[in-house]
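> next comes the sequence, and after it the predicted model I'd like to discuss.
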Amino acid sequence: MFKDHPKGLIPAALSNMGERFGYYIMNAVLVLFLCSKFGLSDEASAIIYSVFYCGIYVLSLVGGIIADRTQNYKAVIRSGLIIMATGYIILSIPILSTQGNIGWLLPLTCFALLLIAFGNGLFKGNLQAIVGQMYDNFEAEALAQGPEAYRRVQGKRDSGFQIFYVFINVGGLIAPFVAPLLREWWLNTHGLIYNAALPAACHQYILEGASMVGDPMNNLLGLIGKVGGTVDANSPDSIRAFCESYLDIFNTGIHYSFIASVAAMLISLIIFMVNQKIFPVPAKKEKQVVEDYTPEERAEMAGEIKRRMYALFAVLGIVIFFWLSFHQNGQSLSLFARDFVQTDNLAPEIWQAVNPFFVITLTPIVMLIFGALSKRGREISTPRKIAIGMGIAGLAFLFLAIFSFMQGYPSGTEFKRLSDSEQMAIKAGPWVLIVLYFFLTVAELFISPLGLSFVSKVAPKHLQGLCQGLWLGATAIGNLFLWIGPLMYNKMPIWQCWTVFLTICLISMFVMLGMLKWLEKIAK
């Protein structure tokens with residue numbers, strides 16, 4: 001699996017793995033954390049999440065431009081890790097949100113997210129550009145040794161980015177367990193247990209006070225008993241004090257998990273600095289030889305650059321819709337896991353570990369299949385793989401739409417109005433999430449790492465940081481509209497929500513297939 005790859009691949013992957021571990025700790029709980037800490041609605045927290053996720057990838061474009069212009073990719077990457085660590089430090093400070101301080105505490109939290117997004121923008125795309133340059137150099141060295149040596153390394157780029165992607169998901173596999181474990185440990189320390197529904201009920205009581213009566217009040221008192229709390233049901237002060245205490249303890253445990261994110265940033269920084277001498281510098285050699293070109297050669301190069309950039313933007317337009325659908329795993333799919341799936345023994349955040357688990361276990365299988373086809377002379381082109389991936393993503397939402405329709409699931413809002421017994425009667429088993437994430441992960445393996453490989457193939461050598469930033473920028477546009485998922489989830493029967501994403505995936509697949517011959521020609 002690791003044979004015949006550049007020696008800098010594994011150190012770069014390890015550095016990225018540490019950063020991703022820290023990032024996915026935060027990402028696994030972000031939407032639910034914003035709801036539990038500040039009492040935000042699903043829709044409001046989804047908007048913050050969408051803007052943050054968009055910012056990560058938009059700022060990757062900025063990071064790519066900075067690195068391309070300064071030619072100091074390694075310094076830009078180091079700065080990104082330090083800035084991200086600063087953002088996580090701010091998030092790790094446990095301060096109880098109240099009506100008196102939310103006016104500055106919520107903006108401070110958003111500022112910390114901005115730091116993380118900016119640091120990620122400096123780090124992510126530029127490290128990917130370095131990996132792409134490794135394979136440019138690797139292939140050039142093999143070509144100099146002769147046709148046979150070059151033949152052996154052809155196709156290694158796709159598998160190299162798949163290996164790189166596996167290391168990302170090792171961090172993503174472990175991370176979702178950290179925040180829930182620390183949160184539950186901190187609750188247990190105070191004689192309490194975890195309950196996903198109680199924070200929202202506590203915020204409602206703090207807002208409404210003694211005017212909260214009937215079923216909402218009975219539900220709150222029942223939840224307090226379930227977590228091991230004791231209150232005087234006739235004393236508003238007693239109930240309010242418990243609600244504030246539970247929210248403080250509940251969210252303090254999450255704050256502590258961000259300390260692990262800080263440590264992960266520092267480990268990534270150390271790995272990168274120790275190994276930075278073996279990493280190449282994209283575009284540096286291109287600048288040294290540009291003055292030797294004749295006017296005719298420069299005109300031909302300009303035309304080639306245009307063709308490559310047109311192909312890149314065509315693929316970027318497709319993957320926008322993949323990320324809009326796939327990243328619902330942190331939005332509407334996370335809400336689905338919380339509401340419609342029996343997760344009594346597991347926090348809903350932990351289900352996000354299913355995706356990286358499948359990435360790690362399925363990547364070797366996918367690589368073997370691709371390798372076997374290549375040896376038989378039936379290699380699947382990178383653009384075709386991306387089109388297939390869109391179709392497989394559609395299968396994931398087709399499965400969920402059919403299942404939700406057959407179960408007669410209402411909208412998320414209507415589900416919350418049901419009694420506890422009615423909710424429990426219609427909840428699905430965990431197997432639904434496992435099947436869903438299996439299909440989504442296979443789709444991801446056909447699109448995300450191979451998309452990075454495609455970008456590194458078609459990107460002009462002096463614009464590699466920019467082009468990797470453009471790939472992430474396309475992801476940003478998809479992420480900017482993630483809030484659409486929770487909006488539909490709460491406004492319509494959820495099978496209709498999943499059908500919308502199914503339609504998006506299928507249209508994207510057919511558009512990609514329509515451009516296939518042109519893209520394959522450019523990517524040769």
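Happy to help now that I have it.
> quick check: buried residues in the helix or strand harbouring Ile65?
For Ile65, the host element (DSSP states H and E) is helix 42-70. Neighbour-count burial for helix 42-70, counted by 16 or more other C-beta atoms under 10 Å, picks out 42, 45-64, 66-68. All C-beta spots, glycine's among them, are computed from the backbone N, C-alpha and C.
> give the rounded mean pLDDT of the next helix or strand after it.
The helix or strand immediately downstream of helix 42-70 is helix 73-91, counting by DSSP H and E. Across helix 73-91, pLDDT averages out at 93.
> show me what the very next helix or strand once past helix 73-91 is packed against.
Proceeding N to C from helix 73-91, the next assigned helix or strand is helix 102-145, under DSSP H and E. Under the contact definition 3 or more C-beta pairs under 8 Å, 6 or more residues apart in numbering; DSSP states H and E, helix 102-145 sits against helix 9-38, helix 42-70, helix 73-91, helix 147-153, helix 156-189, helix 431-458, helix 464-480.
> so where's the chain shaky on pLDDT?
Scanning the chain for pLDDT under 70 picks out the ranges 1-3, 154-155, 282-301, 330, 343-349, 351, 461-465, 523-524.
> the most centrally placed residue in it and Cys35, how far apart?
The chain has His327 as the residue nearest its centroid, 6.3 Å off, counting by C-alpha atoms, centre = their mean. Here His327 is placed at a distance of 18 Å from Cys35 (C-beta to C-beta, to the nearest Å).
> contacts only, for the residue nearest to the centre of the chain.
By C-beta atoms under 8 Å, 6 or more residues apart in numbering, the contact list for His327 reads 53, 478-479, 482.
> buried ones in stretch 496-503?
For stretch 496-503, the neighbour count (16+ other C-beta under 10 Å) marks 497-502 as buried.
> show residues contacting stretch 229-247.
Stretch 229-247 is contacted from outside by 36-37, 96-98, 192, 198-199, 201-203, 205-206, 209-210, 220-221, 224, 227, using C-beta under 8 Å, 6+ apart.
> sorry, back to before: of the contacts of His327, which pair is most distant in space?
Greatest spatial distance in these: Tyr53 and Gly478, 8.8 Å, computed using C-beta to C-beta.
> returning to that earlier point: any idea which of the helices and strands packed on helix 102-145 gets closest to Gly132?
helix 431-458 (3.1 Å).
> which neighbouring elements make contact with the closest one?
helix 102-145, helix 156-189, helix 295-326, helix 354-375, helix 382-407, helix 464-480, helix 516-523.
> how far does it sit from its chain's centre?
How far helix 431-458 lies from its chain's middle: 12 Å, per C-alpha atoms, centre = their mean, to the nearest Å.
> follow-up on the earlier one: which of the contacts of stretch 229-247 count as buried?
Buried by 16+ other C-beta under 10 Å: 36-37, 97, 192, 198-199, 201-203, 205-206, 220-221, 224, 227, out of the contacts of stretch 229-247.
> for these, which one is nearest Gly377?
Set against Gly377, the nearest of those by C-beta to C-beta is Ser36 (55.4 Å).
> what's the nearest residue to the closest one once chain neighbours are set aside in contact with, if anything?
Spatial nearest neighbour of Ser36, chain neighbours left out: Pro199 (3.7 Å); criterion: C-beta to C-beta, 6 or more residues apart in numbering. Going by C-beta under 8 Å, 6+ apart, Pro199 touches 35-36, 39, 246-247, 250.
> and Pro199, which helix or strand is it part of?
Using DSSP H and E, Pro199 falls within helix 198-208.
> immediately after that helix, which helix or strand?
helix 215-226.
> got the angle for the helix or strand immediately after that following helix in the chain vs helix 156-189?
Under the assignment DSSP H and E, the closest C-terminal helix or strand after helix 215-226 is helix 236-275. Between helix 236-275 and helix 156-189, the angle comes out at 150 degrees (axes from the mean of the first three to the mean of the last three C-alpha atoms, to 10 degrees).
> so which bits of helix 236-275 are buried?
239-240, 242-244, 246-262, 264-265, 267-269, 271-272, 275.
> picking that back up, reformat the helices and strands packed on helix 102-145 as TSV; add distance to Phe399.
Below are the helices and strands packed on helix 102-145 laid out as TSV (distance: least, C-beta to C-beta, whole Å):
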stretch	distance to Phe399
helix 9-38	23
helix 42-70	23
helix 73-91	35
helix 147-153	39
helix 156-189	22
helix 431-458	6
helix 464-480	21
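> closest to Val281 out of those?
Nearest to Val281 among those is helix 73-91 (6.0 Å), distances taken as C-beta to C-beta.
> packing partners of the closest one?
With contacts defined as 3+ C-beta pairs under 8 Å, 6+ apart, helix 73-91 has these neighbours: helix 9-38, helix 42-70, helix 102-145, helix 236-275.
> so for Pro460, which of those sits nearest?
Of all the helices and strands packed on helix 73-91, it is helix 42-70 that lies closest to Pro460, at 10.3 Å by C-beta to C-beta.
> list the helices and strands that closest one packs on?
With contacts defined as 3+ C-beta pairs under 8 Å, 6+ apart, helix 42-70 has these neighbours: helix 9-38, helix 73-91, helix 102-145, helix 464-480, helix 484-491.
> just send those back as JSON lines, with distance to Val432 too.
Below are the helices and strands packed on helix 42-70 laid out as JSON lines (distance: least, C-beta to C-beta, whole Å):
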{"stretch": "helix 9-38", "distance to Val432": "19"}
{"stretch": "helix 73-91", "distance to Val432": "32"}
{"stretch": "helix 102-145", "distance to Val432": "31"}
{"stretch": "helix 464-480", "distance to Val432": "24"}
{"stretch": "helix 484-491", "distance to Val432": "15"}
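> nearest to Arg157, of those helices?
Arg157 lies closest, by C-beta to C-beta, to one member of those: helix 102-145, at 4.5 Å.
> run a quick neighbour tally on Gln331.
Each residue near Gln331 was counted by other C-beta atoms under 10 Å, and the total is 24.
> equivalent analysis for Leu368, please.
Number of residues near Leu368 (other C-beta under 10 Å) recorded here: 11.
> repeat that for the one 3 residues further on.
Gly371 is flanked by 15 other residues according to other C-beta under 10 Å.
> if I look at it, how far off is Asp237?
Relative to Asp237, and taking C-beta to C-beta, Gly371 is found at 68 Å.
> same thing with Gly22?
To Asp237, Gly22 is 40 Å away according to C-beta to C-beta.
> sorry, back to before: and the helix holding Ile65, how far from the chain's centre?
The chain centre lies 12 Å from the centre of helix 42-70; the measure is C-alpha atoms, centre = their mean.
> repeat that for stretch 185-204.
Centroid separation for stretch 185-204 versus its chain: 27 Å, with C-alpha atoms, centre = their mean.
> mind listing what's buried in it?
Result for stretch 185-204 [16+ other C-beta under 10 Å]: buried residues 186-187, 192, 195-204.
> adding distance to Met406, write the residues you listed out as JSON lines.
Formatted as JSON lines, the buried residues of stretch 185-204 follow (distance: C-beta to C-beta, whole Å):
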{"residue": "Trp186", "distance to Met406": "40"}
{"residue": "Leu187", "distance to Met406": "37"}
{"residue": "Leu192", "distance to Met406": "38"}
{"residue": "Asn195", "distance to Met406": "29"}
{"residue": "Ala196", "distance to Met406": "25"}
{"residue": "Ala197", "distance to Met406": "26"}
{"residue": "Leu198", "distance to Met406": "31"}
{"residue": "Pro199", "distance to Met406": "32"}
{"residue": "Ala200", "distance to Met406": "29"}
{"residue": "Ala201", "distance to Met406": "31"}
{"residue": "Cys202", "distance to Met406": "35"}
{"residue": "His203", "distance to Met406": "34"}
{"residue": "Gln204", "distance to Met406": "33"}
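> many thanks, I have nothing further to ask.
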